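In: Provided below are the primary sequence and the corresponding predicted coordinates.
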Number of protein chains: 2
Amino acid sequence: MTETVTEPSAAAAAGSKSEQAYQAVKARIVEGTYSPGYRLVLGSIAKDLGVSVVPVREAIRRLEAEGLVTFERNVGATVAGIDPTEYLYTMQTLSIVEGAATALSAPLVDSVAIARARAVNEEMRECLHHFDPVRFTQLNQDFHSILFEHCPNPHILDLVHRGWNRLAALRSSTFRFVPGRAHESVNEHEALLQLIESGATADEIEKAARLHRSATLDAYLAQSKQ
Amino acid sequence: MTETVTEPSAAAAAGSKSEQAYQAVKARIVEGTYSPGYRLVLGSIAKDLGVSVVPVREAIRRLEAEGLVTFERNVGATVAGIDPTEYLYTMQTLSIVEGAATALSAPLVDSVAIARARAVNEEMRECLHHFDPVRFTQLNQDFHSILFEHCPNPHILDLVHRGWNRLAALRSSTFRFVPGRAHESVNEHEALLQLIESGATADEIEKAARLHRSATLDAYLAQSKQ
DNA sequence: AGGTACGAAATCGTATACGATCACTATCGC
DNA sequence: GCGATAGTGATCGTATACGATTTCGTACCT
């Protein structure tokens, strides 16, 4: 099950139809029901959710602000595209904010959390055997979420989540993961845990976390080049 | 004149009343007409702008997504607060994204741009004499904007602009700049330019740019402590 | 046959209207 | 006198309605 990464701050006005529409459409985009390029017609969605167009419109504009949909005046909204350039931007940005989030969180990660993260990572290793990319991706998020649990800066965490949601929207379409890379990734996770355990400097941790993300980007670029 | 930092991507649907309301309210927040804590009443703003409440509501929700206003269900919107914690989060995040933006842009900054940036910086030095914080802040943005002109990642640039807008909203209220710090800041600008000119590594440039921002935060923290 | 102009259908954008919710005040009971 | 409660005004949230704009199909002209 792919889950939408929900920000507590944004979930303030839960219960309103606008919020309901927001969550519903977001979920469908993230889990792939609406794939990139899908045309979001206000009237249809409204009827579908049993609300009027006004809250739906509001929800979609909010999703636009998050980069999950693109909007064109008097034409309508479509689920945000699969442009390789956009992928590059998102991955690069994620590399930076994940690096920062990891470094900031590291001093606050206790041994219990490390153990939990390690368990998740071992489960990811399992996934490599009985090839399960969807679960792998989910576990990957879980792994990092554990490290970010006590992140002292919610803004940065928010940026991480936004990046994840964008990637999730793309995942099911063009950007399949590079199998060889997944294996490396698991090893990098373990290395990262050891780095944190050993009380490495913030700089070292940040660099490692950054590379962890950008290596995935590089693997994609290398693959798409040939 | 304080100017709203406008993202070209977001300005897509210009001309619509919703867009007009968005720009208008955003401008008033950034330039300080609506200070933090100001209650944004939909009906009043709508009447004020000569439009109905629906586009205003939409505009305000978009501003909420940018962090410029806070929204409470069935109660209304207020201009986002002056919470020192929020200030810390914003500055810390800015430190990271500005650092990245500077490092990414550095290889693309030519000598002409350097000269322009240097000129702006000298103008900032002038401002220190005939104490003009508002202009100083504007020039500061100009300085960095020149360096970011050819930033290869628009997402990161967008994050920088969002941070600036948040700070602009706070500027006129509690968070006055620390005079001594402003002087240092100008010197750091010059150092940064020389670093770029000398073809320093991305790491070095990033670190310098980061410190440049976080030193301002530290100065504020030191001042507010006593 | 190809291109253009027109018209209809679909969809968007926003005004208006009304029900729902909240804050605030005044009154009542203790 | 003080706390609880009902009433009132203000504001929000959303449904509905209608004008504006775009898109697409069709007929017409060259």
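Out: Perfect, I can see it now.

In: how close does the residue nearest to the spatial centre of chain A get to A:Thr90?
Out: The centre of chain A sits closest to A:Trp164, judged by Cα atoms, centre = their mean, with a distance of 1.1 Å. A:Trp164 sits at a distance of 10 Å from A:Thr90 (criterion: Cβ to Cβ, to the nearest Å). Any C-beta I mention is one placed from the backbone N, CA and C, and that applies to glycine too.

In: Kindly report the same for A:Ala65.
Out: With Cβ to Cβ as the criterion, A:Ala65 and A:Thr90 are 15 Å apart.

In: same deal with A:Ala202?
Out: From A:Ala202 over to A:Thr90 the distance is 24 Å, taken as Cβ to Cβ.

In: more neighbours, these two?
Out: A:Thr90 (22 against 13; other Cβ atoms under 10 Å in any protein chain shown).

In: where does the residue lying closest to that one once chain neighbours are set aside land on pLDDT?
Out: Nearest residue to A:Thr90, sequence neighbours excluded (Cβ to Cβ, 6 or more residues apart in numbering or on different chains): A:Arg166, at 5.2 Å. For A:Arg166, the model assigns a pLDDT of 87.

In: So which residues on chain A come close to DNA strand D?
Out: Residues of chain A lying close to DNA strand D by Cβ under 7 Å from any atom of the strand are A:13, A:16-18, A:46, A:51-55, A:58, A:74-75.

In: Going through those, which ones are buried?
Out: With burial judged by 16 or more other Cβ atoms under 10 Å in any protein chain shown, the buried subset of those is A:Ala13, A:Lys17, A:Ser18, A:Ala46, A:Val51, A:Val53, A:Val54, A:Pro55, A:Glu58.

In: Next step: those restricted to helices.
Out: A:Lys17, A:Ser18, A:Ala46, A:Val53, A:Val54, A:Pro55, A:Glu58 (DSSP state H).

In: CSV for those residues, including distance to B:Thr102 and pLDDT?
Out: What follows is these, written out as CSV (distance: Cβ to Cβ, whole Å; pLDDT from 0 to 100):
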residue, distance to B:Thr102, pLDDT
A:Lys17, 43, 93
A:Ser18, 38, 93
A:Ala46, 45, 95
A:Val53, 44, 96
A:Val54, 42, 95
A:Pro55, 41, 96
A:Glu58, 36, 94
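
In: And the contacts of the longest helix seen in chain A?
Out: Counting by DSSP H, the longest helix found in chain A is helix A:202-225. Contact partners of helix A:202-225, identified using Cβ atoms under 8 Å, 6 or more residues apart in numbering or on different chains, comprise A:84, A:87-88, A:91-92, A:94-96, A:98-104, A:106-107, A:175, A:177-178, A:180-181, A:184-185, A:188-189, A:191-192, A:195-196.

In: Give me the distance from that helix to the chain's centre.
Out: 15 Å (Cα atoms, centre = their mean, to the nearest Å).

In: Buried residues in that helix, which are they?
Out: Quick answer for helix A:202-225 (16+ other Cβ under 10 Å): A:205-210, A:212-214, A:216-217, A:219-220.

In: tell me the helices in chain A, going along the chain?
Out: So, for chain A - with DSSP H - the helices run A:17-30, A:42-49, A:53-65, A:84-105, A:111-129, A:133-147, A:154-171, A:179-197, A:202-225.
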